[in-house]
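Novice: Sequence plus predicted model, see below.
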Amino acid sequence: MAMADATAQTGSATDSRGRLLTSDGTPLRRALERANRRRKLTAFALVSPLLAFILIFFAFPILQMMWRSVDNPQIVNALPRTLDELRDWDGRAVPPERVFVALHADIMDDLERPRREQRIGPLGVRLNYELSAARSAISRTARDVPNFEAPFREAFTDAHRLWGQPELWRVIQREGRPLTLSYYIAALDREYDEFGNIVKRDENRRIYVSLFGRTLALRLVITGMTFLLGFPIAYYLSSLPMRYANLLMIAVLLPFWTSLLVRTSAWIVLLQQQGVINNTLVGLGVIDDAGRFSLIYNQTGTIIAMTHILLPFMVLPLYSVMRTIPPSYVRAAKSLGATPWTAFRRVYFPQTLPGIGAGGVLVFIISIGYYITPALVGGQSGRMISNEIARHIQQSLNWGLAAALGSMLLVGVLVLYWLYNRLVGADSLKLG
Amino acid sequence: MSTKLKLIGLSSVASVLALSAAAQNPVSLTIVSWGGAYTASQQRAYHAPFMELNPHVTIANDDGSANALAGLRAQAQAGNVTWDLVDMLPSDAQLACDEGIILQIDHDAMLAPAPDGTPASEDFLPGSLGECFIPQIVYSTVLTFRPGAFPADAQPASIADLFDVENFPGRRALQDRPGTNLEWALYADGVDPDDIYEVLATPEGVDRAFAKLDTIKDHIIFWTEGAQAPQLLADGEVAFATGYNGRMFDAIEVEGMDAEIIWDGQVVEWDGWVVPADGPNVDLVMEYLYWATDTQRLADQAKFISFGPARASSAGVVGQHADLGIDMAPHMPTNPDNYFAPIVLDNDFWADYGDELRERFANWMLQ
């Protein structure tokens, strides 16, 4: 009793279960939790615009892209009855008349829809990805369908030869479901054979796997080149007094502020066979007129131009890490008897590793997205997978395949990043 | 006194504004085209005179035609159509038409007849009008060479010479797509221009075309953007380059580049207008189209660029280049002197076999 009085006098109290209370009588713990929650909410409210921005403009489009790579509504929507009738077709001979009756009914239904909602157009485009000339089989037949008379099987096969070939029907049967893996199968240079097995494509139609390999190799070379060129620059910059370092830093950053197209065009002027470098070498008599170097429109061109463009991404993290390394460490090593090379190798270099890791990851990942530069200076051998993705988005308009290639690229990068994290540790990344 | 004056002034300004607003609200049309010299020719032949006739209209150019189909699809899917009129190729127009994202055209009702009364459907060149497509011009992809690259008595003159690296050495700049290249390979291999697509639809024909391309593979530089081809020629990087005849005309006649066009085997195609469905100003666009695709207007465009007008009745009205003062007729792809061995691009063929051949071509480039 006396103790309760004493605590009441000092402004705090305990309740019947002995918990500390605040002056207004709520348990202290709950009051603290409430205050904490409020603080968390405020913090969340502050980051929520950024979070919403990332969700809407980053996460959502990526998910949508991945969805598009398996989304396959065209055939299901356009030919529901036909697919019903095809369910127990064995895939060998041309389907029986009842399938053609259903096909006729499906197309007649579709022709009655308002034009914007007609499903025949997208159907033809979709089927043509799997089988050449399927588009014209659909579009030419659809125009004549209202005049068709039974037996429909003859009418259809007369209108277009593909209706008389089991191949087209196998595609309709196989792809007649709302989700498909066919874009991924195509992106791996594979296709279905007539028994429904996944086999490699004809040798002369394989592109993507070797292109993925080449993209990886080119990117590693470019990352390596930026390291070889960037390390000495960053080292030199970090050893200079601040005001000179800042001045030289502008020289490093200058390409950063120049338009990508201008830089690429400048490389064309320098590197082409009648360009500045070759003309100078011929003028000096180093090479003769017939022996001009091919420095552009091949892999060399892509490597040179992209190394130049990506160099700042390597120099900046390296520089910021090197600035923090006290020069006294190397002096100490030397005073203990190390040769300059040993001091560099065993004392200085290990401390720059976080910067090398950050620069390497940055350059490697950023280089994935470049497609304009390789398209302009890469010729035939300097192209990368990003050029094929751009082509499918802009020209062939096969967005499903573009999405599949893009998703594979994304997964590949995430795997590499995971590996990097396992081997080096992402927490050792230092960007500045 | 001064207040009264001000009031009178204000009210008269207001009434003038109200009157003009009642007459015609200002409208802005967004017209999508290919940019560069081509858009400039449309600006001078169509847009500027139309804006003069209709002072309340302003026309904004958008250089988006290279990705027109992708843009039309994206706008239709988003339900937010901002383009009023789009200049595109007939193959893409047919796809967009099948998808219902552009308007169908009733040719004789929506297009002006020829001056002699011939209805539009008969005046436009045969096969050029589409369900949703109104052609403006005939353009062609031609082979061009640098005369300085060869001795004066042994200048190339045919597509076969492009494939003859022994007699005509030097690098060749070709477009990085199968179209035109495969047609020319077969043509140079002796296939008649009229049979090319029939042969190319067979696996043997495709093999034959690629085998012919193999013979010059080590001498090819591929270009992607239309402006690269004349640039490569002008820099002396290549001896031959393929390119659009309009751009080549510009480079040779306007910029003074030393090059010559070989009209043999020119690959001929149309280019023209489509109207996006659900566009913001469809009625005004239709008014514009009726006027801008009549006989005189189509002939006017040829004053600024060397593309042939798509109407038969325009051919006689084609005059001289507006700035250079040279006769434009000899530079038209459709001029009889140039039109002796044309290959008419078959859009149906490319719609059917394009996907497959593009893969094969990409594979061939990688090897």
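Specialist: Okay, I see it.

Novice: Wasn't residue A:414 part of a helix?
Specialist: Yes. The assignment for residue A:414 by DSSP: H, G, I helix; E, B strand; the rest coil puts it in a helix.

Novice: Let me see the confidence value for it.
Specialist: We have a pLDDT of 91 for residue A:414.

Novice: Could you report the neighbour count for it?
Specialist: Using other Cβ atoms under 10 Å in any protein chain shown, residue A:414 is surrounded by 10 other residues. C-beta coordinates here come from the backbone N, C-alpha and C atoms, glycine included.

Novice: show me where pLDDT drops low in the chain?
Specialist: You didn't pick a chain, so chain A it is. For chain A, the stretches with pLDDT under 70 are A:1-13, A:426-432.

Novice: switch to chain B, that's the one I care about
Specialist: Along chain B, the model assigns pLDDT under 70 to residues B:1-23.

Novice: What residue spans form the domains of it?
Specialist: Under the assignment named as automatic domain parsing, the residue ranges that make up the domains of chain B are B:2-138+B:270-331, B:139-269+B:340-366.

Novice: so does the shortest one get close to chain A?
Specialist: Yes. Counting by Cβ under 8 Å from any Cβ of the partner chain, contacts between domain B:139-269+B:340-366 and chain A involve B:176-177, B:210, B:220-222, B:224-225, B:228, B:235-237, B:348, B:351-356, B:358-360, B:362-366.

Novice: Counting only helices, which of those residues make the cut?
Specialist: Among those, the residues falling in helices (DSSP state H) are B:210, B:228, B:348, B:351-356, B:358-360, B:362-366.

Novice: Which residue, other than its chain neighbours, is closest to residue B:236?
Specialist: residue A:274 (4.5 Å; Cβ to Cβ, 6 or more residues apart in numbering or on different chains).

Novice: Which residue lies closest in space to the residue positioned nearest the centre of chain B, excluding its sequence neighbours?
Specialist: Taking Cα atoms, centre = their mean, the centroid of chain B lies closest to residue B:271, which sits 4.3 Å from it. Distance criterion Cβ to Cβ, 6+ apart; nearest residue to residue B:271, sequence neighbours excluded, is residue B:137 at 5.4 Å.

Novice: For residue A:192, grab phi and psi.
Specialist: phi -90, psi 140 (degrees, to the nearest 10).

Novice: The stretch 101-250 of chain B: helices as residue ranges?
Specialist: For the stretch 101-250 of chain B, applying DSSP state H, counting those that start in this stretch gives helices covering B:107-110, B:120-123, B:159-162, B:181-188, B:196-200, B:203-214, B:228-234, B:245-249.

Novice: I meant to write the stretch 101-250 of chain A there.
Specialist: All helices of the stretch 101-250 of chain A, identified by DSSP H, counting those that start in this stretch, fall at A:120-130, A:134-144, A:152-159, A:166-175, A:182-187, A:208-239, A:242-253.

Novice: now the angle from the third one to helix A:134-144?
Specialist: Right, the one you point to is helix A:152-159. 120 degrees (axes from the mean of the first three to the mean of the last three Cα atoms, to 10 degrees).

Novice: How about the fourth one?
Specialist: Between the axes of helix A:166-175 and helix A:134-144, defined by the same axes, to 10 degrees, the angle is 100 degrees.

Novice: Is chain B within reach of helix A:166-175?
Specialist: No. In terms of Cβ under 8 Å from any Cβ, no part of helix A:166-175 sits within range of chain B; the closest distance is 12.6 Å.

Novice: Equivalent analysis for the shortest one, please.
Specialist: No. Applying Cβ under 8 Å from any Cβ, one finds that helix A:182-187 is not in contact with chain B, the shortest distance being 8.8 Å.

Novice: can you list contacts of that helix?
Specialist: Here helix A:182-187 makes contact (Cβ atoms under 8 Å, 6 or more residues apart in numbering or on different chains) with A:69-70, A:72, A:129-130, A:174-175, A:191-192, A:198, A:208, A:400-401, A:403-405, A:408.

Novice: From those, keep the buried residues only.
Specialist: Neighbour-count burial (16 or more other Cβ atoms under 10 Å in any protein chain shown) is assigned, among the contacts of helix A:182-187, to A:69-70, A:72, A:129-130, A:174-175, A:191-192, A:208, A:400-401, A:403-405, A:408.

Novice: Closest to residue B:293 out of those residues?
Specialist: residue A:129 (34.7 Å; Cβ to Cβ).

Novice: Hmm, the closest one is touching residue B:352, no?
Specialist: No. Counting by Cβ atoms under 8 Å, residue A:129 sits too far from residue B:352 to count as a contact (11.8 Å).

Novice: Kindly supply the PyMOL command isolating those of the residues of domain B:139-269+B:340-366 next to chain A that are buried.
Specialist: With 16+ other Cβ under 10 Å as the criterion, this PyMOL line picks the buried residues out of those:
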select buried, chain B and resi 176+177+210+220+221+222+224+228+236+237+351+352+353+354+355+356+358+359+360+362+363+364+365
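
Novice: Kindly provide the distance from the residue in chain A that chain B sits nearest to to residue A:354.
Specialist: Nearest residue of chain A to chain B (Cβ to the nearest Cβ) works out as residue A:121 at 3.2 Å. With distances taken as Cβ to Cβ, to the nearest Å, residue A:121 is found 55 Å from residue A:354.
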